[in-house]
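Trainee: Structure for this input, please:
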Amino acid sequence: MSITRTFIDFFLDRDHVPTTGSTLIPRLGDPVLFTTSGMHPLTPYLEGEPHPLGRRLTGVQRCLRTTDLDEVGDPTHLTVFEMLGSWSLGDYGSSQTLTWGYELLTSGYGIDPGQLYVTVFGGDDSDGVPLDQESLRTWQELGVPVELTTDDNWWSNGPTGPCGPDSEIFVWTGDGEPEGTPTTDDRWVEVWNHVMMRYRRLDDGSLEPLQQQNIDTGLGLERLTMLLEGASSVYETSLFEPWLRIVPKLWPLDERSQRIVVDHLRSSIVIIGDGVHPSNTGRGYVLRRLIRRALTLLWRHDDSRSVADLPIELFEHTLNHFHQGETVTMVRRILIDEEIRFSNLLDRGRKVLSHERFHKSLDETDYEYLHETHGLPRELVDSLR
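Mentor: The predicted structure is shown next:
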C-alpha cells in the first residue's frame, strides 16, 4: 500500500472525511498567490464556519513556498511539495492527535519509537501563553523524549489570524544511536507538525482565544518517503526516480545545481498543470522566475542545453503523479516558449552589459537597474560578465 493511502485510510478508520481538491491556486479573493500549506484552503472553517463535510477531515494538498527558495538544493527542501493533513474543527484535542500521530508513525509506517524526538511549546510570558501541558504530558506517557522551545513551536499563517502552539515530531537520520536534540543536531529531521490552533492574533498584536479550538496537522510526503526508504535526500526517493535517472545523464551538473534544476523544472510543470502561464506579475512571475533560474544554471556551463531535450516521460510522470489534466504537449510548449523569450533577453542583456557603464565592479544600484529595467537577475548578470 502506498504511503499516501496508508495515511488516508488511517484517518478514514477514525471517522475523518477526505477533502476534495488540491490545486495550488487559492480560492477566489484569497490575497496569497499560491496554496502554502494543507490548512490554507480550510481557513474559513478553522475560523468557525461549519464545513459541509463535518468536523474531522483528512487529505493531500500540494503546496508551493517561495520563502524556502534559497534552501532548495539541500536534502529536504522543495518548491512544490505535497502535504498529508488531518484536521479537527472544534472536535478532539492535542492528546488525541499526538497519540494518533505516534501510532501511525510507529505501527502504520514501522518507524522505531527509539528514533523519535519531539518538541513542545514551552510557554511565552510576553503573550501570556503557558507551557503546553497537555502535549507534554501526552508525549511523556508515550515515552518519547521532549525538547521545550518557544519560537520554534508557535505556528501562525501570517501576522494576524488563527495561531497557536504546535508539537513537531522528528526522526533520527544519522548513523548509530540518536544523540543531541532537534535544535542541537540537524540529523533530527522534522516530519510531522501538529498545531493546536487555540488563538487568533489581532491587528494590535494581542491574542484572543478562538471560539472553536482546532487541530491542524501537516506531514510532508516527500520527507516521509525519504525517511521510510532510507534515502539521503528527497531527490533520491521513488517520487523523483525518473528525474534522477534521466537528468544527470542529460545534463551533467554538480549535486546542488542538479537538485535545483530538477526541483524548478518539476515545479514549473506542476504550476503550468494548474493553469498558470509565465508573465511579469503574480503567479506567472513566480513561474517565470523558476524556469529562468533553472535555465541560468543549465546554461552556465553549456548554452546549447534546452528544455526541449527533456523526454516526454518526465512530463507524463509529473502530471500523472499530481493528477493534472493538462496535456504534455501544451505544458512542454509553454516551457519551450519561455526558454526562447529568455534566450532573446540574454542576447539583449549582453548588449546592455557591453556598455562602458558596466565595465567595472557592479554595485547594488547597477544590479537593481539591470533587474528592474532589463529583467536580468543578479546571478545571470554575474554569469554574463
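
Trainee: only C-alpha atoms for contact and neighbour calcs from this point on.
Mentor: Noted.

Trainee: Need phi/psi at residue 212.
Mentor: The phi/psi pair for residue 212 (degrees, to the nearest 10) reads phi -110, psi 110.

Trainee: any idea how far it is from residue 161?
Mentor: Distance, residue 212 to residue 161, by Cα to Cα, to the nearest Å: 13 Å.

Trainee: Output stretch 307-325 as PDB, restricted to C-alpha atoms.
Mentor: Extracted as PDB, the C-alpha positions of stretch 307-325 are listed here (Å, rounded to 0.1, in the frame of the first residue of the first chain):
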ATOM      1  CA  VAL A 307      14.200  22.100 -22.000                       C
ATOM      2  CA  ALA A 308      13.300  20.600 -25.400                       C
ATOM      3  CA  ASP A 309      15.800  17.900 -24.500                       C
ATOM      4  CA  LEU A 310      13.600  16.700 -21.600                       C
ATOM      5  CA  PRO A 311      11.900  13.400 -22.600                       C
ATOM      6  CA  ILE A 312       8.100  13.200 -22.600                       C
ATOM      7  CA  GLU A 313       8.400  10.600 -19.700                       C
ATOM      8  CA  LEU A 314       9.200  13.300 -17.200                       C
ATOM      9  CA  PHE A 315       6.200  15.400 -18.200                       C
ATOM     10  CA  GLU A 316       3.900  12.400 -18.000                       C
ATOM     11  CA  HIS A 317       5.300  11.200 -14.700                       C
ATOM     12  CA  THR A 318       4.800  14.600 -13.100                       C
ATOM     13  CA  LEU A 319       1.400  15.400 -14.500                       C
ATOM     14  CA  ASN A 320       0.100  11.900 -13.600                       C
ATOM     15  CA  HIS A 321       1.500  12.000 -10.100                       C
ATOM     16  CA  PHE A 322      -0.300  15.300  -9.400                       C
ATOM     17  CA  HIS A 323      -3.500  14.100 -11.100                       C
ATOM     18  CA  GLN A 324      -3.400  17.000 -13.600                       C
ATOM     19  CA  GLY A 325      -5.400  17.100 -16.800                       C
END
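
Trainee: Can you give the contact residues for it?
Mentor: Stretch 307-325 has contacts (Cα atoms under 8 Å, 6 or more residues apart in numbering) with 242-243, 250, 266, 269-270, 273-274, 326, 328, 331-332, 335-336, 339.

Trainee: and that stretch, which residues are buried?
Mentor: 307, 310, 314, 315, 317, 318, 319, 322, 324 (16 or more other Cα atoms under 10 Å).

Trainee: if I look at the first one, how far off is residue 112?
Mentor: Plainly put, residue 307 is 42 Å away from residue 112 if you go by Cα to Cα.

Trainee: what's the answer for the fifth one, then?
Mentor: The spacing between residue 317 and residue 112, counted by Cα to Cα, is 32 Å.

Trainee: tell me the mean pLDDT for stretch 162-170?
Mentor: Stretch 162-170 carries an average pLDDT of 94.

Trainee: sorry, back to before: show me the contacts of stretch 307-325 that map onto helices.
Mentor: Using DSSP state H, the subset of the contacts of stretch 307-325 located in helices is 242-243, 250, 266, 269-270, 273, 328, 331-332, 335-336, 339.

Trainee: now, which of those residues sits nearest residue 84?
Mentor: residue 270 (17.6 Å; Cα to Cα).

Trainee: residue ranges of the strands in this structure, please?
Mentor: 17-18, 56-64, 80-89, 116-121, 146-149, 154-156, 161-172, 188-201, 207-220 (DSSP state E).

Trainee: Counting by contacts, list what the fifth one packs against.
Mentor: Taking 3 or more Cα pairs under 8 Å, 6 or more residues apart in numbering; DSSP states H and E as the contact definition, the neighbouring helices and strands of strand 146-149 are strand 116-121, helix 133-142.

Trainee: Tell me which of those sits nearest to residue 55.
Mentor: Nearest to residue 55, of all the helices and strands packed on strand 146-149, is helix 133-142, at 21.1 Å by Cα to Cα.

Trainee: Could you list the residues in contact with the closest one?
Mentor: 94, 95, 98, 99, 118, 120, 145, 146, 167.

Trainee: residues contacting the fifth one?
Mentor: When you say that, I think you mean residue 118. Residue 118 touches 139, 144, 145, 146, 147, 167, 168, 169, 170, 182, counting by Cα under 8 Å, 6+ apart.
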